[in-house]
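Curious how this folds, go ahead:
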Amino acid sequence: MKYFLISLFIFAGPLQIFSQAEPVISLRGVVKDAGGSPVSGAEIQIVTDSGEIYNCNSDREGAFTCPIKKNNEKFTLTVRADGFSILRRTLPISQDISEELEFLLDPAALRETVVISTSRTESLLSETPASVATVSKEQINITAAPAADDILRQTVGFSLFRRSNSRTANPTTQGTSLRGINASGASRSKILFGGVPLNDAFGGWVKWSRVPPIGIEQIEVLRGGSSSLYGSDSLGGTINIIPRKSPEKNSYFLAAELFGGTQKTISGSIFFGLNIRKWAFDLTASNYQTNGYRPIDKDVRGAVDDPQNSHNSNYSARISRKFAAGSNLFVGASYFGEARNNGTPVQKNRTHLRQFSGGADLDISKAVSRLSGTLSNSRLIFRGYGGTQVFDQTFSAVSDDRSTENLVRLQRVPVQSLGANVQFSTVYRGQTLLGGFEISEVRGASNEIGYFGGNATSAIGAGGRERSYGIYFQDFAKIGERLVLVGNLRLDLWKNSRALSSTLRFSNDQISTRIFPDRAETAISPGVSILYRAAPQISFYMSASRNFRAPTLNELYRGFRVGDVVTDPNENLRAEKANNFEGGISYGAAGFYLRGNFYWTEVLDAISNVTVSSTPALITRTRQNTGKIRVRGLEIEAEKRFGDVDLSIGYLFVNAVFAEFPENKAIENLKIPQVPVHQITFQTHYRPGGGWDLSLQGRGSSSQFDNDLNTLRLEPYFQLDVFTAKRIGERWQIFAAVENIFDARYSTGKTPVRSVSAPATVRIGIRWN
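Take a look at the predicted model:
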């Protein structure tokens, strides 16, 4: 009997194990283009009817193998590859898939099959009820300008606070504006890089030099308020910069670029990616320096006027680990350093920033499906980030004849920041449901030493803390083949605490301190949008949303000086709140795309720099909540493919005014500073063959004003850039670019001294891919 039981265990045990194992089959296939050539690096995703997800990639021969459990009746296969339309096919498991299947990809239609993530979940551009523009890797590579912000200027509606670019502009003026919704240097748009905010934690502006183009895969621009998903800073929209992808499994990738040009400009950048089994590593490094140009108009230029030079270095690294079922964990770190001369021997600034980030993308479909069989494609995403930075700046007063200058202020701004986001998404009966929670904290101060007559006279310190919380929900429902409904809701709470201002007078050693009371605000941001596809080529959309932007610590506690203009902080600022309504129509066919939309945005308690006094020697402004700003606009974009030539055109009409300001009736119905009524952009790309590329980029605008009183007018301008490149072999490419080919010296600012744009510049370089 003993031996019988042992024998039974030996033979029955394996039978039980094999009876519980689920049979697995291997789907083998090959991905090819319409001409029959293999497509390498294509992403294949398989979703079974039970909600299980499998991911794999095609190799250099276009072949792939994906394992599938056979306990399903059917599965949906999706194939994505750059430059091709997305292919979706539903296949039954009962079909004989033991033989290799062939999948042919068609070339991508213009704007039709781009996958975006500005709604926090992936969706087709054609199924997104919003105004969205995308900038691909190819477009980045054929743009004459070498900086990310200048590349984005080809997107209609994008601008910095002033006309100057990030290579020459003071960092505090690099606030991002979309659709003309910007009344000061702080950004009204949130900028994300890999899911982590790029907006300065203290001032809201964006250090665009932190994003070298070599490390960018794609840029997505969501125009229109998106606080219902992204909270503060996204009052005017959201820009999502997608980092360059790691290589396919068990391989490495290296890209490098080196160029030099006029104004003694030189730059080098590199991207390296390595993928070994389930581990991936990537490194991005860049260095840029230029002697710049003299920004002051030559008619008033004096002995103190120097070139605006700049030098920056950027290093970032990331390591990730893949797990089963499309899950991964990652950690990353970055360092950024920058030094600038702002146009005189005394006026300088520099920045040192260190940041870390980490996160996880987890496929939890199996666990969720056990709780509810009606939920599928469930994911949990976590992001955490933090860092420190120090911003130093010097201010001076320049004599009327610009022959001498005196130091008036030394300033140091130390900042610490932390943040985290947790997000859950799932699919329920054709609806994508999403919910998440965010928390962030910023600690910052402005420490200054005041000077008069060459002597230090006072030490001033002001600062505080801001902690914010946000919770949000979204329902993205696709009803049939024609209708898409999206509903969003977000609740935010933020609190300013431990704020004070302290002044030490060196003449008598007296200290005066003012402690500001703690305060808190809340904001509810709903949003709803609808898209209706009237025909395969024609769709309509409408949306309405309420958005907000909390004042930054910079606006509350830090003052600054530009030329003869002094701007003071205001610790009593309230949050801006905006109502946005828009609607539009789009038409897309093979080789042609046209979109137009109208929007109406009203910003309540808009924060603007308001002039309180003006003399020939000094203009004094203070930050104030200026009642109501009304922005009405019309966007038009068109793209057309003529054989080997791609042409795109964009136009924006904006009527942005101070609609109501009871405290200062003098500025009511005046134009918002730095917002022109008309903006136009265009770009052409010609591929004549033989490895050649030729592109033109043009942009221009009507006149605009540099102040709230509309007395300092900046004339209209137009700038044309040209880029050409020749590929040598499979890996090498040489290129040349000319910016501002007609040498237009248009106004970029008046303080009231006129500043002008950069002259024509040339750069020549080489790339290796």
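
Okay, now the unreliable bits of the stretch 101-250 of the chain?
Across the stretch 101-250 of the chain, residues meeting the criterion (pLDDT under 70) sit at 107-121, 123, 183-185.

show me where it has strands.
Using DSSP state E, counting those that start in this stretch, the strands of the stretch 101-250 of the chain run over 101-105, 115-116, 123-124, 131-136, 158-160, 176-178, 189-193, 196-197, 216-223, 237-243.

quick one, what contacts residue 765?
Taking Cβ atoms under 8 Å, 6 or more residues apart in numbering, we find residue 765 in contact with 257, 258, 259, 260, 267, 734, 735, 736. From N, CA and C alone the C-beta is placed, and that goes for glycine too.

Spell out which helix or strand contains it, please.
Using DSSP states H and E, residue 765 maps to strand 761-768.

Return the helix or strand in this protein with minimum mean pLDDT.
Ranked by mean pLDDT, DSSP states H and E, the helix or strand of the chain with the weakest confidence is helix 2-20, at a mean of 39.

CA atoms of the helix or strand following it as CSV?
Proceeding N to C from helix 2-20, the next assigned helix or strand is strand 24-33, under DSSP H and E. Extracted in CSV, the C-alpha atoms of strand 24-33 (Å, rounded to 0.1, in the frame of the first residue of the first chain):
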residue,chain,number,x,y,z
VAL,A,24,0.4,28.8,-24.8
ILE,A,25,0.8,29.4,-28.5
SER,A,26,3.3,31.6,-30.4
LEU,A,27,2.1,34.2,-32.9
ARG,A,28,4.8,34.6,-35.5
GLY,A,29,4.6,37.4,-38.0
VAL,A,30,6.5,39.8,-40.2
VAL,A,31,5.9,43.6,-40.6
LYS,A,32,6.5,45.1,-44.1
ASP,A,33,5.8,48.4,-45.9
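
since we're on residue 768, how many residues are nearby?
12 (other Cβ atoms under 10 Å).

Among the contacts of residue 765, which one lies nearest to residue 392?
residue 267 (23.6 Å; Cβ to Cβ).

thinking again about what came up before, buried residues in the strand holding residue 765?
Neighbour-count burial for strand 761-768, counted by 16 or more other Cβ atoms under 10 Å, picks out 761, 763, 765, 767.

Throw those into TSV and include distance to residue 320, thanks.
Formatted as TSV, the buried residues of strand 761-768 follow (distance: Cβ to Cβ, whole Å):
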residue	distance to residue 320
761	38
763	34
765	31
767	26
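
with those residues in mind, which one is nearest to residue 472?
residue 767 (40.7 Å).

Could you give the bridge partners of the residue nearest to that closest one when sequence neighbours are not counted?
In space, and not counting its chain neighbours, residue 767 is closest to residue 733: 4.4 Å by Cβ to Cβ, 6 or more residues apart in numbering. Under DSSP bridges, the beta-bridge partners of residue 733 are residue 727, residue 767.

who touches residue 733 in this structure?
Applying Cβ under 8 Å, 6+ apart, we find residue 733 in contact with 691, 725, 726, 727, 766, 767, 768, 769.

The strand or helix carrying residue 684 pairs with which strands?
Using DSSP H and E, residue 684 maps to strand 678-689. In the sheet, strand 678-689 lines up against strand 645-660 (antiparallel), strand 692-701 (antiparallel) (DSSP bridges).

what does it contact?
Residues from elsewhere that reach strand 678-689, judged by Cβ under 8 Å, 6+ apart: 139, 142, 153-157, 159, 644-654, 693-702.

Can you tell me which of the residues you listed are buried?
Burial by neighbour count, 16+ other Cβ under 10 Å: within those this picks out 139, 142, 153-157, 159, 646, 648-654, 693-701.

For residue 163, give its distance to residue 673.
12 Å (Cβ to Cβ, to the nearest Å).

And for residue 420?
For residue 420, the distance to residue 673 - Cβ to Cβ - is 36 Å.

After the helix or strand where residue 478 lies, which helix or strand is next? Please name it.
Secondary structure assignment for residue 478, by DSSP H and E: strand 455-479. Counting by DSSP H and E, the next helix or strand C-terminal to strand 455-479 is strand 483-505.
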